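Colleague: take a look and give me a structure for this.
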Amino acid sequence: MKANEDGSATVTVLAAVASLFLVTMYVQNTSTHMNQATKKLKIDQNVEGARINNLSNLSMLRSLMNSSKVGTNLFEPAVYPSNYFAETWNMKANDLRPQNVVSIHGQNFKINSFAESTISFKNAEAYFQGNNPRSQLSDMTSQRDLTILSLNPDPTHKYWIRSVDVMAKNTVASDSTTPLNSVGRIQLAAPEPGPVTLYIAQAGSTVWTTDFGTAASPLPPGKYKFQLRASGVVLFGEITRPTGGSMILGMNDSGITHSCNNIHAVDEILGETIDIELGENKNETTTVTVPSADTGSLSATTTHNADCSFSVTPLSGGSASGGGGAVVTGGTTTSVASTPAEIKLGIKIYQVDGEESARSFDQTVYITKTVTTTTVAQSIPGSSTTAGGARCSNRCPIDRTSIFGDYMGFLTRSFIGGPDKTQLDVRRDAESDGLPNPGGAICGNMELVAQDLVNDMGGVLPTDIDKQTDYQRLWDIVKTHVETGGSSMHYERFYAYIAPSCGRELIGLRNGCGCFAAHTLIRMGDGTERKASEIRQGDVLWNPQTNRPQQVRQVIVGPEVPLLYVFHIGGQIVEVTKEHPFLTTGGLKSAETLKVGDIILSNGSHISVEKIEREDRALDGQAPDVWNFELEGSDNDADHFVLANGVMTGDLYLQTKLKNMSRTP
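Modeller: As a prediction, the model looks like this:
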């Protein structure tokens, strides 16, 4: 036997001897003081000896099934299941932990055991002192059978086998024919996952790589998919996206779908994502010149990306009194932005006990960001310019009511995608009609919504639901994912088509930004007040923290499905969303964490939160639009406060900062 085998065998033998020797010596010494001639006593002693031997063998198997050190920072059991998630375990021997005391056949074991007659004080002393391990094994001349009877899952985490029930089989020594079996419960620790690797590939490609781009050499924009591979025993993986939401890999409603199911599984595929659009393009429009004698010069409308919904820059300078003329588009150039888009993914790995593994990590993907610049000129003969949503109507011709005639067909088309966005973008009339001159269209796009839905349905297209045997379950998923307020709907993207160029530009997702009710009065830089819904980029607001006026950098607006919070503070009433920030004596707090009695710092005063209510809205009432602003300024918190209904509160910058702080462990 090799030296490392001797050491492993010694540990296993001691586990058996500790149980067998002590109890056997007690029985033998006790029986010496009794009537050894009594046949009944002899039988009882043999029965007790067989029972003790069973306990010894169970103890030995427990040692083999639980982990011990096999290398630097590596702990593994001597025997393990080939598929941890199988209903019946087929056990295997671990080559990294060699032993010569057990042979395995499925869930049955033959274990080399001590015969009761071999135990003596002298032998036991040698065993415990570690002398002559070869002779220890030579004394284990009796083979005994053990069988796993049942796997006992944790009541909370059904995939975690907390223990196994094992039957140890023996016979009474007096006749070697009378069976005596014992059942024991062996407790097991949750196995830990091994190394984890994330791979990326372009859509349609089978070449997987760990090249996620760099700031100096980003990946080209387009559709990508991700693959997660892991070693050891893993419950499932999760990839979280920067826009919110996540993709579960390795598990669905039917159970485990991967092969990371034993301690020696190496680099097995945990799962793959669907194709995901990565990239960012910023559209810019040059100054528009209106040559008509009766009009001045007009600056083009530009849109800006935002983390919430719509951020539309109003016209700056000039006016137009004509209308109805043709739009002539000049040259369009596309260049690469100086800095790439950084997409941060969270990779989470979960153990069978439901705990997140230390193997979890974050991965940044660098994607080329492009800038498209279009030169536009407009001839405006005639009378008046049409504002609002009448312009660019051919770029976004689908209205929201028309898609519900074949909603599953529309979702399937959205999942498949394609370059013709006139078949995918859905016009939002209210927002489009509210655009300033020269007008345009605001449109929603559900490509990411459809991708999230199809992913959660296991790849089934919406138009194929009725072809599936579990169609009712799939319809339930549709109901919870894409109805109003559904879990997939926050992936809806919004695009602006602004006249005269009518170029398509992403203006963001309203991903839970803290906002004001539309009628909230905001203090302007000149001391007057204006409704939140009337604030536009470039307006000047009063900052009560710095006591000076500051310009609005961007404006956010979008529907808020959850009920608004209604705060009674210092005699004033403020209606905001749950993540809106307030400065308290305890630091920045979101609206949903404020409590009655909290002290708000406002305009040099300390005022108390007197009452907290939720918005009174009919059950079928339409979700109201809410508004927020970001002020121009530094990263100093003081530069980002406004006065709303007489109460000082933070802008969008502080809301985002507070949200990021809450995610930091």
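
Colleague: residues in contact with Gln227?
Modeller: Listed by C-beta atoms under 8 Å, 6 or more residues apart in numbering, the contact set of Gln227 reads 198-201, 208, 269, 271-273. No exception for glycine: its C-beta is placed from N, CA and C like everyone else's.

Colleague: all strands of the stretch 51-200 of the chain, in order?
Modeller: With DSSP state E, counting those that start in this stretch as the criterion, the stretch 51-200 of the chain has strands at 68-71, 74-76, 79-81, 91-93, 102-105, 108-113, 142-153, 161-171, 179-187, 193-202.

Colleague: and the angle from whatever helix or strand comes next after the last one to strand 193-202?
Modeller: Read that as strand 193-202. Going down the chain from strand 193-202, the next helix or strand is strand 222-232, by DSSP states H and E. Between strand 222-232 and strand 193-202, the angle comes out at 160 degrees (axes from the mean of the first three to the mean of the last three C-alpha atoms, to 10 degrees).

Colleague: shouldn't Glu632 be in contact with Pro549?
Modeller: No: using C-beta atoms under 8 Å, Glu632 makes no contact with Pro549, being 10.6 Å away.

Colleague: next, count neighbours for the nearest residue to Val266 once chain neighbours are set aside.
Modeller: Beyond its immediate neighbours in the sequence, the residue positioned closest to Val266 (C-beta to C-beta, 6 or more residues apart in numbering) is Ser231, lying 5.0 Å away. Close neighbours of Ser231, defined as other C-beta atoms under 10 Å, add up to 20.

Colleague: quick one, grab the pLDDT at Ser231.
Modeller: pLDDT for Ser231: 96.

Colleague: check Asn511 too.
Modeller: So, for Asn511, pLDDT stands at 41.

Colleague: going forward, begin numbering at 3 instead of 1
Modeller: Noted, 3 is the first residue going forward, which turns the last one into Asn513.

Colleague: and the helices in the stretch 503-652 of the chain?
Modeller: Counting by DSSP state H, counting those that start in this stretch, the stretch 503-652 of the chain has no helices to list.

Colleague: which regions of it sit below the pLDDT cut-off?
Modeller: Residue ranges of the stretch 503-652 of the chain with pLDDT under 70: 507-518, 539, 558-566, 617-627.

Colleague: can you rerun that using 50?
Modeller: Across the stretch 503-652 of the chain, the ranges flagged by pLDDT under 50 are 510-516, 563, 619-623.

Colleague: helix/strand/coil for Asp468?
Modeller: State at Asp468, reduced to three classes by DSSP: H, G, I helix; E, B strand; the rest coil: helix.

Colleague: distance to Ile265, mean neighbour count and mean pLDDT added to the strands of the stretch 53-202 of the chain, as CSV?
Modeller: Output for the strands of the stretch 53-202 of the chain, formatted as CSV (distance: least, C-beta to C-beta, whole Å; neighbours: other C-beta atoms under 10 Å; pLDDT from 0 to 100):
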stretch, distance to Ile265, mean neighbour count, mean pLDDT
strand 70-73, 10, 12, 83
strand 76-78, 6, 14, 89
strand 81-83, 5, 21, 96
strand 93-95, 9, 17, 95
strand 104-107, 15, 15, 91
strand 110-115, 18, 21, 89
strand 144-155, 16, 17, 92
strand 163-173, 13, 19, 93
strand 181-189, 17, 15, 91
strand 195-204, 8, 18, 96
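
Colleague: now tabulate the ones you listed in TSV and tack on distance to Ile571.
Modeller: Output for the strands of the stretch 53-202 of the chain, formatted as TSV (distance: least, C-beta to C-beta, whole Å):
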stretch	distance to Ile571
strand 70-73	60
strand 76-78	56
strand 81-83	60
strand 93-95	66
strand 104-107	70
strand 110-115	70
strand 144-155	51
strand 163-173	51
strand 181-189	55
strand 195-204	46
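
Colleague: looking at the ones you listed, which is nearest to Gly588?
Modeller: Gly588 sits nearest to strand 195-204 of all the strands of the stretch 53-202 of the chain, at 38.7 Å, using C-beta to C-beta.

Colleague: mind listing residues that contact that closest one?
Modeller: 209-214, 221, 224-236, 239, 241, 262, 265, 267-269, 272, 347, 349, 351, 353, 359, 361-363, 365, 367.

Colleague: mind giving me the ChimeraX select for those residues, buried ones only?
Modeller: Selection of the buried residues among the contacts of strand 195-204 in ChimeraX, burial being defined by 16 or more other C-beta atoms under 10 Å:
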select :210,214,221,226,227,228,229,230,231,232,233,234,235,236,239,241,262,265,267,272,347,349,351,353,359,361,367
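
Colleague: end-to-end on stretch 197-210?
Modeller: Start and end residues of stretch 197-210 are separated by 17 Å (C-alpha to C-alpha, to the nearest Å).

Colleague: how close does Gly206 get to Glu274?
Modeller: Here the criterion is C-beta to C-beta, to the nearest Å. By it, Gly206 lies 13 Å from Glu274.

Colleague: for Ala498, report the pLDDT, please.
Modeller: pLDDT recorded at Ala498 is 74.

Colleague: ok, what's across the strand from it?
Modeller: Ala498 forms beta bridges with Ile444, Glu507, as assigned by DSSP bridges.
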